[in-house]
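In: Let me see the structure of the following:
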Amino acid sequence: MSRLVATLRGALIAFSLFVLSVQTVGAQTAVTAPQRTIEKEQGCPALKPYAELDKFGKFYFPEAVYEDARTQTEYECRHIWYLSDEIPVSGYIFKPKTTTGRMWPVILYNRGGTGDFGLIEDFVRVEFYLLAKEGYVVLATEYRSIGDKGRRDAWGGADVHDVLNLTAVAKSLGYIDMERLFMLGVSRGGMITYLALKNKVPVKAAAVIAGPSDLESLAALRSDFLNGDDGYDGWAKVWPDFEHKKEEYFRERSAIAWADQINTPVLILHSGPTPKFRSAKRSLSLKSCSNARRSTS
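Out: Model prediction:
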């Protein structure tokens, strides 16, 4: 078993135990929003054989885990399009083929990446399968800024609405227990998770894996986020009047500035620093900031 899949399985186990520990915690009151239901739905393409994965895909999961997900027959993946602010947004449902006879808890999954980078592909669907095996339906969004809009990804702007509007999609399915909504955000999706919690998304608990909580520090470490690269224009161009409003933009999107406004139990999972990301210290700072503020409230 690779170190990565062992880490992922450990994270999923930790998340499941964390969820069980907060089953009695009351959900927050959601912001009232128009009902958002599925506009279009179709089956997902079959996962390609392990032998056809690129080097990264093979690194992400060992063959036995991947092939188990590819050949299983108990669960299904559905590609959906739903309305968010009247904009069709792509998303996914991963669920048991038979949902009758009970109401299911759901994990709202917020992916990482920017624009078309980090789209929900084969190995992410394997993650969905591992979560589904733990007894959850998984509901995920691609966010609105993909395809020809990918270069202008707002990174914490209207894309947050795409997550908030998933709750109404969950309610419309008819087999989701709306008292057992949870959220899991990975990398950029962790930042989106913090923002969704700030906006009172009605989840019982959330988990964040390697999510940035201080975007100004991230910009200092990764200039491609700020200035762009071949696939992205960068925050300095995407966020209007950036030169005069950058402090406001960073503050609005950085949970370290408003940790006291997050009242939902959050499990923060983060490895040590890597050559690309050295944000573990900031995740721990967010935890310390939140604990300190709660202890004085």
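
In: Geometric centre of this protein: which residue is closest?
Out: With distances taken as Cα atoms, centre = their mean, the residue of the chain nearest its centroid is N110 (1.4 Å).

In: Would you confirm that it contacts F182?
Out: No - under the criterion of Cβ atoms under 8 Å, N110 makes no contact with F182, lying 11.6 Å away. Backbone N, C-alpha and C define where each C-beta goes, glycine included.

In: Identify the residue spatially nearest to Y66, adjacent ones excluded.
Out: Of all residues not flanking Y66 in the chain, Y50 sits nearest, at 4.9 Å (Cβ to Cβ, 6 or more residues apart in numbering).

In: Please report how far that neighbour lies from P62.
Out: The gap separating Y50 from P62 is 9 Å, by Cβ to Cβ, to the nearest Å.

In: So between these two, which is more surrounded?
Out: Shown here are Y50 and P62; by other Cβ atoms under 10 Å, Y50 has more neighbours (18 against 15).

In: Give me the local confidence score for that one.
Out: Per-residue confidence (pLDDT) for Y50: 94.

In: do the same with F59
Out: Reported pLDDT for F59: 87.

In: so how far is G231 from it?
Out: 22 Å.

In: And the strands in the stretch 1-150 of the chain, which stretches?
Out: 38-43, 75-84, 87-96, 104-110, 137-141 (DSSP state E, counting those that start in this stretch).

In: Looking at the ones you listed, spot the one closest to K246.
Out: strand 104-110 (24.1 Å; Cβ to Cβ).

In: partners of that closest one in the sheet?
Out: Paired with strand 104-110 in the same sheet, following DSSP bridges, are strand 137-141 (parallel), strand 176-186 (parallel).

In: and for it, what are the contacting residues?
Out: Contact partners of strand 104-110, identified using Cβ atoms under 8 Å, 6 or more residues apart in numbering, comprise 19, 95-96, 127-128, 131, 135-141, 163, 166-167, 170, 175-177, 180-186, 188-190, 192-193, 196, 201, 203.

In: When you filter these down to buried only, what's left?
Out: Buried members of these, counted by 16 or more other Cβ atoms under 10 Å: 19, 95-96, 127-128, 131, 136-141, 163, 166-167, 170, 175-176, 180-186, 188-190, 192-193, 196, 201, 203.

In: and of the strands of the stretch 1-150 of the chain, who's closest to A220?
Out: strand 104-110 (23.9 Å).

In: Near E41, how many residues? Count them for me, please.
Out: 12.

In: pretty sure D214 is touching S254, no?
Out: Yes - with contacts counted by Cβ under 8 Å, D214 reaches S254, the gap being 4.9 Å.

In: how close does D148 get to D116?
Out: For D148, the distance to D116 - Cβ to Cβ - is 10 Å.

In: Let me fix that, I meant to ask about K55.
Out: For K55 relative to D116 (Cβ to Cβ), the value is 20 Å.

In: Give me the more crowded residue out of these two.
Out: Between K55 and D116, D116 has the larger neighbour count (other Cβ under 10 Å), namely 17 against 7.

In: May I have the phi/psi pair for the more buried one?
Out: Backbone torsions for D116, taken as degrees, to the nearest 10, come to phi -80, psi -10.

In: Per-residue pLDDT of it, please?
Out: Looking at D116, its pLDDT is 92.

In: For it, give me its contacts.
Out: Contacts of D116 (Cβ under 8 Å, 6+ apart): 146-147, 150, 231.

In: cool, and E52?
Out: If a contact means Cβ under 8 Å, 6+ apart, then E52 has no contacts.

In: Can you verify my assumption that P265 contacts A206?
Out: Yes - using Cβ under 8 Å, P265 is in contact with A206, at 7.4 Å.

In: Who has more neighbours out of these two?
Out: Neighbour count, other Cβ under 10 Å: between P265 and A206, A206 has more, with 30 against 17.

In: so the more buried one sits in a strand?
Out: Yes - under DSSP: H, G, I helix; E, B strand; the rest coil, A206 falls within a strand.

In: That one against L184, yeah?
Out: Yes - under the criterion of Cβ under 8 Å, A206 makes contact with L184 at 7.1 Å.

In: where do the contact lists of the two overlap?
Out: The contact sets of A206 and L184 overlap at T193 (Cβ under 8 Å, 6+ apart).
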